[in-house]
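only geometry, no sequence info:
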C-alpha cells in the first residue's frame, strides 16, 4: 500500500515529515545557512532543492527519514527556485533570481531526485518559477508575466505579448485545463500554456499565492480570500483566516507554511489551524505517496 507523506522544508536545511499533517516527526537538519526552497514528490520519492552560499543543494528520500544529499556550484547566479514533476521526471527551474535584465533561465532533469542532468539553458529573458504537468505538457509561470509551455522540459514556447501586471505566481492542472493565479486576485486559464483566456481579477492587494487541483475543483488561496472553481471559469470567493503562503493538497487536506516556521492545516482551505511550529522558517511543502 502506498504511504502518504507530507513534507515541509526550509532554513538551516530543515526537512520535516508527517503521515497525516497533524503529527510531525523530528526534523532532519542541514548546515546553518542552508535553505531548501522547493520540494515535490514523484516516482516513489521526494525531491528537495535549495541553496547554500553560491551553490545549489539537493536532497531526496524514498521514506521521509533517510536522505541522500548533494551540492552543485551555482556561481552565485544560477540558482534553482522551483521544481515540479511530470512525464516520469522531476524538472527543476532556475536562473539568476537577482537579475533585472537577462536571467539566463535553465532547467535540470532527474528521474530519482538524486542524479540531475543539466543545466540545460532554455529560451527567454526571465525566469519561470512554478510549473504544472498535464495533457503531456509542462506549463510554467514566472517573472514579469512570463508564461511558457514545453512537451519535454527542454523546448519551450512562450505566450506572446505578456504584461508584467499579469504576473502569475502559481499554476495547477485539473479537469483538462491549466489555471494560473497571481497578483490582486488574478486568475487565467489555458489548455496549451501559450494562449491564455478568461482573465479575472479580485480586490487590490488580495494576492493569490497558491493554486491546487483538489480532487474535483481548483482551490486558490491568498491574503484574506480563498477562490474555488470546478472549471477555472466560474469562481466562488470566500474569506479565509490564517492562510499559508503556499500549499499542497493530499489525503483530503490542505497544508502550507506560514511565517515563522508554522505549518498550517485545513480541510476546506478557509479555516486554517496551526499544527506545528519549527525552529526555523519554512519555505515550501510537498505531498506524495511513497511505496
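Right, received. Where do you want to start? As the structure is a computational prediction, the values presented were derived from the model and not from experiment.

measure the nearest residue to residue 258 once chain neighbours are set aside to residue 273 for me?
Among residues not flanking residue 258 along the chain, residue 244 sits closest, at 4.7 Å (C-beta to C-beta, 6 or more residues apart in numbering). The C-beta positions use only the backbone N, C-alpha and C, and glycine is treated the same way. Applying C-beta to C-beta, to the nearest Å, the value for residue 244 to residue 273 is 11 Å.

Check residue 230 too.
Counting by C-beta to C-beta, the gap from residue 230 to residue 273 is 26 Å.

Equivalent analysis for residue 240, please.
Look at residue 240 and residue 273: by C-beta to C-beta, they are 12 Å apart.

okay, these two: which has more neighbours?
residue 240 (19 against 12; other C-beta atoms under 10 Å).

ok, that one - contacts?
Applying C-beta atoms under 8 Å, 6 or more residues apart in numbering, one finds that residue 240 lies in contact with 221, 224, 225, 226, 269, 270, 271, 272.

Looking at it now. What's its pLDDT?
Note on residue 240: pLDDT of 96.

Phi first, then psi, for it.
Dihedral pair for residue 240: phi -120, psi 180, per degrees, to the nearest 10.

Same check on residue 143?
Backbone torsions of residue 143, given as degrees, to the nearest 10, read phi -70, psi 150.

Was I right to think it contacts residue 169?
No - Residue 143 is not in contact with residue 169 according to C-beta atoms under 8 Å; the separation is 10.5 Å.

which residues of the chain score low on pLDDT?
When residues are selected by pLDDT under 70, none of them lie in the chain.

ok, now which ones touch the most centrally placed residue in it?
For the chain, the residue nearest the mean C-alpha position is residue 130 (5.4 Å; C-alpha atoms, centre = their mean). Each residue near residue 130 by C-beta under 8 Å, 6+ apart is listed here: 82, 84, 93, 140, 141, 142, 168, 169, 170, 171.

now swap in residue 199 and tell me
Residue 199 neighbours (C-beta under 8 Å, 6+ apart): 166, 186, 187, 188.

Mind telling me what element it is part of?
strand 196-200 (DSSP states H and E).

In the sheet, which strands lie alongside that strand, parallel or antiparallel?
strand 187-190 (antiparallel) (DSSP bridges).

residues contacting residue 80?
By C-beta under 8 Å, 6+ apart, the contact set of residue 80 is 37, 38, 49, 50, 51, 56, 74, 92, 93, 94, 108.

now, which of those sits nearest residue 176?
residue 93 (23.8 Å; C-beta to C-beta).

Touching, the closest one and residue 126? I think so.
No - using C-beta under 8 Å, residue 93 is not in contact with residue 126, being 11.4 Å away.

more crowded one of those two?
Shown here are residue 93 and residue 126; by other C-beta under 10 Å, residue 93 has more neighbours (25 against 22).

how near is the more buried one to residue 140?
In terms of C-beta to C-beta, residue 93 sits 6 Å off from residue 140.

which residues do these two both contact?
Contacts common to residue 93 and residue 140, judged by C-beta under 8 Å, 6+ apart, are 82, 128, 129, 130, 131.

Looking at strand pairing, list the partners for the closest residue in space to the fourth one that isn't next to it in sequence.
Excluding the flanking residues, the one nearest residue 130 by C-beta to C-beta, 6+ apart is residue 170, at 4.9 Å. The residues paired with residue 170 through beta bridges, assigned by DSSP bridges, are residue 181.

For residue 170, the count of nearby residues, please.
Close neighbours of residue 170, defined as other C-beta under 10 Å, add up to 24.

can you check the one 5 residues further on too?
Residue 175 is surrounded by 14 other residues when neighbours are defined as other C-beta under 10 Å.

Please apply the same query to the one 5 residues further on.
As a burial measure, residue 180 scores 29 neighbours (other C-beta under 10 Å).

Could you measure from it over to residue 147?
On the measure of C-beta to C-beta, residue 180 and residue 147 end up 7 Å apart.

Please work out which residues outside stretch 259-269 touch it.
8, 10, 16, 21-22, 24, 214, 219, 221, 226, 228, 240, 242-245, 247, 252-258, 272-282, 285.

if you set the cut-off to 6 Å instead, what comes out?
8, 21, 219, 221, 226, 244, 253-256, 258, 272-278, 280-282 (C-beta atoms under 6 Å, 6 or more residues apart in numbering).
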